[in-house]
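**Q** fold the following and give me the result.
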Amino acid sequence: MDRVRPQLEGSGGSRTLILVVDEDDDIGRKTGWKTPILGRDKNFLAAKDLLLSDPEEADANAMFAAVKLYDELSKSLDGPCELATVAGKPGGGLDSDRKLAQEIDEVLSEFPADQCIVITDGPLTDSVNAIITSRVKVLSVRKLVVKQSPSIETTWILLGKYLRTALFEFEYSRVILGIPGALAIIIGLLLQYNLLSPPILLVLFGAVLAVRGFGIDTAVVSFFRRVWTIPYRPALTQLRIYVGFSSALLMVAAIFAGINGITAFVSANFPNAPPFPEDPAFWIQRAGPLAGAFLLSSVDLVIVAASISLAYDLFYQLYLRSVRVVRSAQAIALAIFLWALFRSLGSYLVRGEEIYLTQMVLIAVMGVASLATIYVLLLSVGLPVLRLRSRGEAE
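**A** Now for the predicted structure:
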């Protein structure tokens, strides 16, 4: 009560309303009293009836606290003071809020208050707070709970909110319910076919933790959403997506092609080679030829994948008439010379002939000269043409 008095010291002759809010209409359901209940004596009788019908009812304590506060403020305030109890409907929702708003309007028509003190048995919902504050100035809100467990009702309210979030919001339900459900199904199937063992269980839980920890599930969902929207995107965007997919698939194919190249090289040159765990030194000594076999088998696909991406970038820059077209054109030339260099390197590693070293030196020198020439030509001829065309279209 002491918290309320300091706020009322400067209120002068203001009309003060003490408002008890029963959101779920316990007073009506358990006693038959019709709300709004206006006046100190009526509220006292209603609170007594409610307590007799249910001695553990918290709303009765809130009403008695309001009666006590009314008696104290009636003696200390200069202006008039009134007490009222309003109620919503069981279960809350729009109908409950509408009933509360109507009853508050009835109370204010009987007693036009300048300010009010709200008393309730627990936290009010945001909608009820908005209803009250939109109609009258709120000086104080008192949340009355039993002394033996001051936070128990708040805890249950928060727990209910968390449960609703876990059950009905997809972002949380897929983790809280979906993952345990999927694990239960997999474990049940493994038990059915006698495949469950501690190692399998550890791998299963480890996979779930890794998928969630690294955000793999989110990435997969995002990927499929983007794939689903491809037909609805602009033509240029579709082309870019196709180029990206093609380049990625070619890179994967290049890795497998390199592995197959190593396998074929070993079968042809070392048919009786020992397994790596038995003789690691044998394989370390032949790391060069093996790397060369991998390069010769995979470099073509790698360069094709890179060239597809670079060709799209060149086309896109030409479409925009951007000066960056010089960089894109030079990158394609660079990819061609890198392909020649890696081919020569692979051949040298596999065969060990010095002619391939000489070939690499010549390719490197020719590459530098050619790239410099291309850059100068594009800078001196290509860019001015693009700029002139851009100005002509602008005019």
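**Q** alpha carbons only for contacts and neighbour counts from here, please
**A** Will do.
**Q** just the CA atoms of the host helix or strand of V221, as CSV, please.
**A** Here V221 sits within helix 216-228, counting by DSSP states H and E. Backbone C-alpha positions of helix 216-228 (Å, rounded to 0.1, in the frame of the first residue of the first chain) are rendered in CSV as follows:
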residue,chain,number,x,y,z
ILE,A,216,22.6,-28.1,-41.8
ASP,A,217,18.8,-28.6,-41.5
THR,A,218,18.2,-24.8,-42.0
ALA,A,219,20.6,-24.8,-45.0
VAL,A,220,18.8,-27.7,-46.6
VAL,A,221,15.3,-26.2,-46.0
SER,A,222,16.6,-22.9,-47.5
PHE,A,223,18.1,-24.7,-50.5
PHE,A,224,14.9,-26.5,-51.4
ARG,A,225,12.9,-23.3,-50.9
ARG,A,226,15.2,-21.5,-53.4
VAL,A,227,14.9,-24.4,-55.8
TRP,A,228,11.1,-24.3,-55.6
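**Q** output the contacting helices and strands for the next helix or strand along the chain from that helix.
**A** Along the chain past helix 216-228, the next helix or strand (assigned with DSSP H and E) turns out to be helix 235-269. Taking 3 or more C-alpha pairs under 8 Å, 6 or more residues apart in numbering; DSSP states H and E as the contact definition, the neighbouring helices and strands of helix 235-269 are helix 287-320.
**Q** list the helices and strands the helix holding V221 packs on?
**A** With 3+ C-alpha pairs under 8 Å, 6+ apart as the test, helix 216-228 has no helix or strand packed against it.
**Q** and the angle from that helix to helix 235-269?
**A** When axes from the mean of the first three to the mean of the last three C-alpha atoms, to 10 degrees is applied, the directions of helix 216-228 and helix 235-269 differ by 120 degrees.
**Q** now helix 216-228: average pLDDT?
**A** Here the mean pLDDT over helix 216-228 is 80, rounded to a whole number.
**Q** low pLDDT regions in the stretch 51-200 of the chain?
**A** Counting by pLDDT under 70, the stretch 51-200 of the chain has low-confidence residues at 145-154, 156-158, 170-171.
**Q** repeat that for the stretch 251-395 of the chain.
**A** Regions of the stretch 251-395 of the chain meeting the criterion pLDDT under 70 cover residues 323, 378-379, 381-395.
**Q** hmm, try it at 50
**A** Scanning the stretch 251-395 of the chain with the threshold set as pLDDT under 50 gives 393-395.
**Q** outline the domain layout of the chain.
**A** According to automatic domain parsing, the chain comprises the domains 5-154, 169-227, 230-394.
**Q** just name the most buried of the ones you listed.
**A** domain 5-154 (a mean of 18; mean count of other C-alpha atoms under 10 Å).
**Q** looking at the domains of the chain, which is nearest to G160?
**A** G160 lies closest to domain 5-154 among these, at 9.8 Å (C-alpha to C-alpha).
**Q** ok so, going back, so which of the domains of the chain gets nearest Y162?
**A** Comparison of these against Y162 by C-alpha to C-alpha identifies domain 169-227 as nearest, at 9.8 Å.
**Q** start to end distance for that closest one?
**A** The straight-line separation of the ends of domain 169-227 (C-alpha to C-alpha, to the nearest Å) is 24 Å.
**Q** chain center to it, what's the gap?
**A** Its chain's C-alpha centre and that of domain 169-227 lie 18 Å apart, by C-alpha atoms, centre = their mean, to the nearest Å.
**Q** and what of stretch 93-103?
**A** On the basis of C-alpha atoms, centre = their mean, the separation between the geometric centre of stretch 93-103 and that of its chain is 35 Å.
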